[in-house]
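Student: whatever this is, show me its structure:
(2 chains)
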Amino acid sequence: KAGVTQTPRYLIKTRGQQVTLSCSPISGHRSVSWYQQTPGQGLQFLFEYFSETQRNKGNFPGRFSGRQFSNSRSEMNVSTLELGDSALYLCASSPGTSGGAGYTQYFGPGTRLTVL
Amino acid sequence: QKEVEQDPGPLSVPEGAIVSLNCTYSNSAFQYFMWYRQYSRKGPELLMYTYSSGNKEDGRFTAQVDKSSKYISLFIRDSQPSDSATYLCAKNGNQFYFGTGTSLTVIP
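Tutor: Alright, predicted model coming up:
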């Protein structure tokens, strides 16, 4: 079974631009979560989508948004990029939601975003 | 208080040593615990998961959960240089909660 795929793998943008990242979950998985990982902060939860509905949201500004499509693929958008948005953005998929019994997450390789 | 707190390390051990990685958690409402391994510039890879308390063994790796002390541990026996990575503990809940990671270096 193919794993979680993320595109693009690397991205360089300038301040003020916007960016869209894409994630394809493992086949059959309906939950997709997004995380931001930086050396100082570790993994920080952005949001979780399940069956096209945002189920949970972390403590990030409204510049960070996401959506999930009917085939469970998900996109994350960051508008008005700031230097501090430079990070590894990770997508993770799970068969069920985070509070459900027996569900764990499987991560993609991440998109490394650099904001200049 | 964070849902999951992890010893930050870094940890450096000689090849063949037994490694102990530790986390604590605060909310007992959800009981699935996970360990991930992350190599530099890669996404985290699920190593093991356990439910509730007790031990789970997989090769050289043993995951242990102590509900009474809210303690999560990962033991690595006969550590190898290829085990050098950052290890993240996690648990489920309203979202998945992750520790900040412990960097491990196994010296040949």
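
Student: who's in contact with the residue most central in space within chain A?
Tutor: Central residue of chain A (CA atoms, centre = their mean): residue A:34, 2.7 Å from the mean position. Taking CB atoms under 8 Å, 6 or more residues apart in numbering or on different chains, we find residue A:34 in contact with A:23, A:45-48, A:66, A:74, A:76, A:89-92. Heads up, the C-betas are built off the backbone N, CA and C, glycines and all.

Student: those also near chain B: which ones?
Tutor: Counting by CB under 8 Å from any CB of the partner chain, A:45, A:48, A:90, A:92 from the contacts of residue A:34 sit close to chain B.

Student: burial count for the last one?
Tutor: If I follow you right, that is residue A:92. The criterion is other CB atoms under 10 Å in any protein chain shown. On that basis, residue A:92 has 28 neighbouring residues.

Student: can you check the distance spanned by stretch B:93-107, start to finish?
Tutor: End-to-end distance of stretch B:93-107 (CA to CA, to the nearest Å): 36 Å.

Student: hmm, it touching chain A?
Tutor: Yes: counting by CB under 8 Å from any CB, chain A has neighbours in stretch B:93-107: B:93-101.

Student: quick one: buried ones out of those?
Tutor: B:93-101 (16 or more other CB atoms under 10 Å in any protein chain shown).

Student: would you turn these into a markdown table with secondary structure and pLDDT?
Tutor: Shown next, in a markdown table, are these (DSSP: H, G, I helix; E, B strand; the rest coil; pLDDT from 0 to 100):
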| residue | secondary structure | pLDDT |
| --- | --- | --- |
| B:93 | coil | 79 |
| B:94 | coil | 77 |
| B:95 | coil | 80 |
| B:96 | coil | 84 |
| B:97 | strand | 88 |
| B:98 | strand | 91 |
| B:99 | coil | 92 |
| B:100 | coil | 91 |
| B:101 | coil | 93 |
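
Student: from these, which two are the most distant?
Tutor: Of all pairs drawn from those, the greatest distance, 21.4 Å, lies between B:94 and B:101 (CB to CB).

Student: hang on, residue B:16 in a helix?
Tutor: No: going by DSSP: H, G, I helix; E, B strand; the rest coil, the assignment for residue B:16 is coil, not a helix.

Student: neighbours around it, how many?
Tutor: 11.

Student: what residues does the helix or strand where residue A:88 lies touch?
Tutor: Secondary structure from DSSP states H and E places residue A:88 in strand A:87-94. Strand A:87-94 has contacts (CB under 8 Å, 6+ apart) with A:4, A:6, A:21, A:23, A:25-26, A:29, A:31-38, A:43, A:72, A:74, A:76, A:103-108, A:110-113, B:41, B:43-44, B:96.
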